[in-house]
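> just to be clear, the model below is a prediction. Sequence and coordinates:
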Amino acid sequence: MIHGPHIDWFALAAVNSLLAAAALALLSAVLVPGPLRRPVAASLCALGYAAATGFAIALYVRSPHGHGVVVDAFRRDRLAELAGIILAGSGLLATAISYRERMREHHGEYYALLAAAGGGMLFFVGTNNLMTLFLGLEWFSICLYILCAIDRDRLGGLEAALKYLVIGGFGSAVLLFGSALVYGATGQLGFGAISAAGHAHDSLLVFGLAMIIAGLAFKASAAPFHMWTPDVYEGAPTPVTAFMAAATKAAALVVTLRLLVTAFPGEAHLWTVALAAIAVCSLVIGNLAALVQKGVKRMLAYSSISQAGFMLIAVSANSNLGARALLFYLVPYAAMSLGSFAVVAARERELGVPVTFENMAGFGWERPLLGVSMWAFMLGFAGFPLTGGFVGKFYAFAAAYEHGWTWLVIVGVLATLVSLYYYLGLVRAMFMRRTEDLQLAPIGGSPPRDALLQTAVVACLVVTVGSFFAVQPLIDLARHAANSLSF
Amino acid sequence: MTTLLILLPLAAALVIWVLPLNDISAGALALLAALVEVGLWIQLLVRYDFAQGGLQFAQERAWFSDLHVSYHVGVYGFSVWLVGLTVVAMAAAIAYGFWVGRDRVRAYMGLMLFLTGAIVGVFTAQDLLLFYAFFEAMMIPLYILVGVWGGPGRLGATLKFVLYTMAGSLLMLASIIVYGLSQNTFDLTQIGQSSSDWVFLGFVAAFAIKAPLFPLHGWLPDAYRESSPEVAAILSGVVSKAAAYGFLRIAIAKFPEPVQHYRAPILALAAIGLIYGSLLAFRAPDIRGVIAYSSLAQMGLITMGLFAVNDLGFDGAVLQMVNHGLVSAALFLLAGMVERRTLTGELTRLGGMARGRPALATVLITTGVIALAVPLSSAFAGEFLILAGVFRQGWGWSVVGAVAIVLAAAYVLRLISAVLHRDVGPAVSDSALDLRPAELGVVVPLVACLLALSAWPAAITEHSFRNDRGQTDVSQGFK
């Protein structure tokens, strides 16, 4: 008889509720009759996410002192739970955005995969050794590969999924190989144990660390590991893109922070510089490439690369302030990403063609709610006041300055300046061109009402703007979460 | 009180955006809010204790405490006048927009009110980050106001305007981060003085672009020409004063040593801008061009007064900020009124409008005469003080200033004669009416304020700084 380890089921409740939702949604694909399938599957998915959010909040409240569970493979601490709240909230909104997406079939599978991907991410942010790290990564990645391709009729979707699969698989392989090297150097898999093993100047360890960083940067779509991002974001169904942009990135960045701070404090002098370099690369490449995009989804994809750069600035500071900056930034960032892709999805459904700057003309006046929300999201990405994006950037720059990297602040500021051109370019397209300039007539009369999507966009707007005013409560949450790491 | 001044227009903007009002009631509500705002400011003016001076009506609440950033607002003597300029000019602009009947009234009026709140915020913020937030928040409505309701070249104009000003603002953000974190507070009333040249230059970059100072004025002619007249009035009359205010409140007050180092180059740029702007104004082919470049010149003059760093210079600069704000707002609105009648602003196609239009002629000449600083006018008082102040930094600066005043007379008189006198221009039809009562209602209050200031310029010069000693206030960094 094998004695299983003690399992703190409560710590895994959020993950498990999503897994349960996924299983039930999958069953609904078989058991529920056709017309009811979509509402049932979507509600199950939404319920799963709502329960996960609730559990994550409860866990956050009840885990003031972080500790490992399941033989220390998984951390139950406020960092994981705050990230969990952000991820589960994003999933809930993504479910709402997905509901009216034009999909002929596979509703049950879609929502099952969406819930399963969220479960994987919630697991991923709590991982505490290299094995579970890889497990979590693959868990949500595989769900996302399929989600990209779920609409088999869309060639773009298939191409995106294949690209994502190949490059994502490559990224995972790099991460796995890096983990193997680290294990080889230290003989340990647990994050704490790797740090305690103390092989500070072992070249094997350094090499492994570099490969792990590269693998995580693939997932965070930070340059120069970003090549897949624009194509995948463009080709995937827009609600999936929204979820990927918000949640995948958030999860990857939180794990990067946790892994580097807990497992490699001895190599901080190396990885801080490496992350700063990746951040600068992302800022430069993301911003310059976004300048010339014509498609809105591609522009947002490059913008998400540059946003990853800003958030990596915070991580590279290797300080409590930096961790706070990252965790704070993730809140408005997730809201802005979800919201902006949701608006794109709404426009896409209206027109039936890919959304470009050209055919956003006049959108702001036609659909004031979505237009004004998009305006706010763009201002938020650009770091204007009255949005949480401003405070997030401010914190990230403050962390870089505190670390002694004023040059990084300057780079960030210049990148922000460049980014204005395309963020405000979208606002210009929406509001400053007349509807008569529009080439394409919307298909079939008045646009379909989509209360769920609009509710989701309004929720994103509230978070984006609210996080500017309610900085103190959010930063308190972030501080408690950051305190679970020891700097 | 101060918070109310900021929040009232913002709340009114929200109400107008959210409620499904018709055009008339939306415009009327906006105008009402703007007038209530003026009333509030009069309350502030009456209740501000000028004998005591210093920061009053201060309100403070922590915003995020780990980096020591707070919501801290309040007014100094000179900010009372700048807030007054803002609310009066904004009320006139909103009234004009209402009367002209801009399309998409709710969006338009909401944005104008939002802008009012943001500008009042700039003049009252006592926390660096809050100041920055308001400074940037001004850009949000301006971008849309110029870009949507502007002329045919508006897209290029807004792009240039935004990229120029944001370049400066973001450098200022870097400076704010470095300055605030190194001093461990962002509170302007507590933060110590700094001797860092780089941080100082970051602030100067932002303000020099916003003002603008030569050679950073590339955005100015397009933005002023392409925006609607009332927005141009606000841009040149009020928004540019935010930059001058920033020079005074932050750059000069907090960086005494760098000011010493960079005084000569900044004065030189201001002087070049003064002469160059005046010359361009004299050469400009249209009404808006004349006013736009005269703005460049006047901002140069105000900057000279500020960087004289003495009592006379500060007093003169504050007086001239209010003067120029009112003059330029009135002139841009008048330009709009002329353009509505003739469909063009080109001076060669105008002329002879005085005949049969006494109200237009009277108002335009009165404003113009004040603009060219004839003795007894408030602008004369302001310019005299500035020149006297800058004289102490070297007589050469005053000579430049005096030459520019002669040039100002030249371009203003050219403007007046080209619009009102000479032969009737091809664009002026006989049926073009004199100013309507509503138009007079918009522009006469501005002129009345100017006349009142002409009668008693000391209202501002003696009620701006504690004990009427700007230099002491500044040297203590307005603590």
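Sure, I can see it.
> going forward, measure contacts between C-alpha atoms and count neighbours the same way
Will do.
> what helix or strand is A:I85 on?
When secondary structure is defined by DSSP states H and E, A:I85 falls within helix A:78-98.
> meant to ask about B:V403
helix B:395-420.
> what's whatever helix or strand comes next after that helix packed up against?
Once helix B:395-420 ends, the next helix or strand along the chain (criterion: DSSP H and E) is helix B:437-455. Helices and strands touching helix B:437-455, by 3 or more Cα pairs under 8 Å, 6 or more residues apart in numbering or on different chains; DSSP states H and E, are helix B:77-100, helix B:311-342, helix B:358-371, helix B:378-391.
> can you say which of these is nearest to B:R154?
If you check each of those against B:R154 by Cα to Cα, helix B:311-342 wins as the nearest, at 16.1 Å.
> helices and strands of chain B: which one bottoms out on pLDDT?
When each helix and strand of chain B is scored by mean pLDDT, DSSP states H and E, helix B:470-475 comes last, with a mean of 82.
> distance from that one to the middle of the chain?
23 Å (Cα atoms, centre = their mean, to the nearest Å).
> please save the CA atoms from that helix in CSV.
Taking Å, rounded to 0.1, in the frame of the first residue of the first chain, the C-alpha atoms of helix B:470-475 are listed here in CSV:
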residue,chain,number,x,y,z
GLY,B,470,7.1,86.6,-5.0
GLN,B,471,10.8,86.2,-4.6
THR,B,472,10.6,85.1,-1.0
ASP,B,473,7.8,82.7,-1.8
VAL,B,474,9.8,81.2,-4.6
SER,B,475,13.0,81.0,-2.8
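> other residues contacting it?
When contacts are defined by Cα atoms under 8 Å, 6 or more residues apart in numbering or on different chains, helix B:470-475 is touched by residues B:248-249, B:252-254, B:256, B:309-311, B:314-315, B:464-466, B:479.
> residue contacts, the nearest residue in space to A:A117 that is not next to it in sequence?
Excluding the flanking residues, the one nearest A:A117 by Cα to Cα, 6 or more residues apart in numbering or on different chains is A:F140, at 4.3 Å. By Cα under 8 Å, 6+ apart, the contact set of A:F140 is A:A116, A:A117, A:G118, A:G119, A:G120, A:M121.
> between those, which is nearest A:G404?
Distance to A:G404 across the contacts of A:F140 (Cα to Cα) is lowest for A:M121, with 32.9 Å.
> quick check: the closest one touching A:A246?
No. In this structure, A:M121 is not within contact of A:A246 by Cα atoms under 8 Å, at 11.5 Å.
> so who does residue 116 touch?
This is for chain A. For A:A116, the residues meeting the contact criterion (Cα under 8 Å, 6+ apart) are A:L18, A:L19, A:A21, A:A22, A:F140, A:C143.
> wait, chain B
The contact partners of B:T116, taken as Cα under 8 Å, 6+ apart, are B:I6, B:P9, B:L10, B:T86, B:V87, B:M90.
> before we move on, what about B:Y108?
With Cα under 8 Å, 6+ apart as the criterion, the residues that contact B:Y108 are B:R102, B:L145.
> next, give phi and psi for it.
Here the main-chain torsion angles of B:Y108 (degrees, to the nearest 10) amount to phi -60, psi -50.
> B:V88 versus that one, what's the distance?
Applying Cα to Cα, to the nearest Å, the value for B:Y108 to B:V88 is 18 Å.
> do the same with B:S377
Remark: distance between B:S377 and B:V88 (Cα to Cα) = 20 Å.
> which parts of chain A are strands?
Secondary structure of chain A by DSSP state E: the strands cover A:67-69, A:74-76.
> residues of chain A that sit close to chain B?
A:384-386, A:394, A:397-398, A:401-402, A:406, A:409-410, A:413-414, A:416-417, A:420-421, A:428, A:431-433, A:469-472, A:475 (Cα under 8 Å from any Cα of the partner chain).
> whichever of the residues you listed end up buried, select them in ChimeraX.
In ChimeraX, the members of these classed as buried (16 or more other Cα atoms under 10 Å in any protein chain shown) are selected with the following command:
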select /A:384,385,386,394,397,398,401,402,406,409,410,413,414,416,417,420,421,428,431,432,433,469,471,472,475
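> which of the residues of chain A next to chain B fall within helices?
Within these, membership in helices is found for A:394, A:397-398, A:401-402, A:406, A:409-410, A:413-414, A:416-417, A:420-421, A:428, A:431, A:469, A:471-472, A:475, as judged by DSSP state H.
> which stretches of the stretch 301-450 of chain B have low pLDDT?
Low-confidence segments of the stretch 301-450 of chain B, defined by pLDDT under 70, are absent; every residue clears the threshold.
> tell me which residue in it sits closest to chain A.
Scanning the stretch 301-450 of chain B for proximity to chain A using Cα to the nearest Cα identifies B:G336 as nearest, at 21.4 Å.
> how about the nearest residue to that residue, chain neighbours excluded?
Taking Cα to Cα, 6+ apart, and ignoring the residues beside it in sequence, B:G336 has B:P229 as its nearest neighbour in space, at 5.0 Å.
> same deal with A:V255?
Distances taken as Cα to Cα, 6+ apart place A:V125 nearest to A:V255, at 5.5 Å, with adjacent residues excluded.
> got a list of what the one you found touches?
Taking Cα under 8 Å, 6+ apart as the criterion, A:V125 is in contact with A:A80, A:A83, A:G84, A:A251, A:A252, A:V254, A:V255.
> report pLDDT for the last one.
According to the predicted model, the pLDDT of A:V255 comes to 96.
> gap between B:V120 and chain A?
In this structure, B:V120 lies at 16 Å from chain A, with Cα to the nearest Cα, to the nearest Å as the measure.
> and that residue, what does it touch?
If you count contacts by Cα under 8 Å, 6+ apart, then B:V120 has B:L5, B:I6, B:V83, B:T86, B:V87 around it.
> next one: phi and psi at it?
Dihedral angles phi and psi of B:V120 (degrees, to the nearest 10) take the values phi -60, psi -40.
> return the list of helices and strands in contact with the least confident helix or strand in chain A by mean pLDDT.
Taking mean pLDDT, DSSP H and E as the measure, helix A:363-366 is the helix or strand of chain A with the lowest mean score, a mean of 85. Contacts defined by 3+ Cα pairs under 8 Å, 6+ apart place helix A:363-366 against helix A:368-381, helix A:406-431.
> OK, contacts around A:F191?
Taking Cα under 8 Å, 6+ apart, one finds A:N128, A:N129, A:L130, A:L259, A:T262, A:A263 in contact with A:F191.
> which non-adjacent residue is nearest it?
Nearest-residue entry for A:F191: A:A263, 4.4 Å, with adjacent residues in sequence omitted and distances by Cα to Cα, 6+ apart.
> that neighbour contacts A:A197, correct?
No. Assessed by Cα under 8 Å, A:A263 is found out of contact with A:A197, at 9.6 Å.
> phi, psi for the residue of the stretch 351-479 of chain B found nearest chain A please.
Of the stretch 351-479 of chain B, the residue with the smallest distance to chain A, taken as Cα to the nearest Cα, is B:G477 at 24.1 Å. In this entry, B:G477 is assigned phi and psi values of phi 70, psi 30 (degrees, to the nearest 10).
> now name the helix or strand holding the closest residue to it other than its chain neighbours.
Counting by Cα to Cα, 6+ apart, B:G477 lies nearest to B:A253, which is 4.5 Å off, once chain neighbours are set aside. Following DSSP H and E, one finds B:A253 within helix B:253-254.
> mind checking how far that helix is from the chain centre?
Mean C-alpha position of helix B:253-254 versus that of the full chain (Cα atoms, centre = their mean) differs by 21 Å.
> which helices and strands does that helix pack with?
Counting contacts by 3+ Cα pairs under 8 Å, 6+ apart, the secondary-structure elements packed against helix B:253-254 are helix B:470-475.
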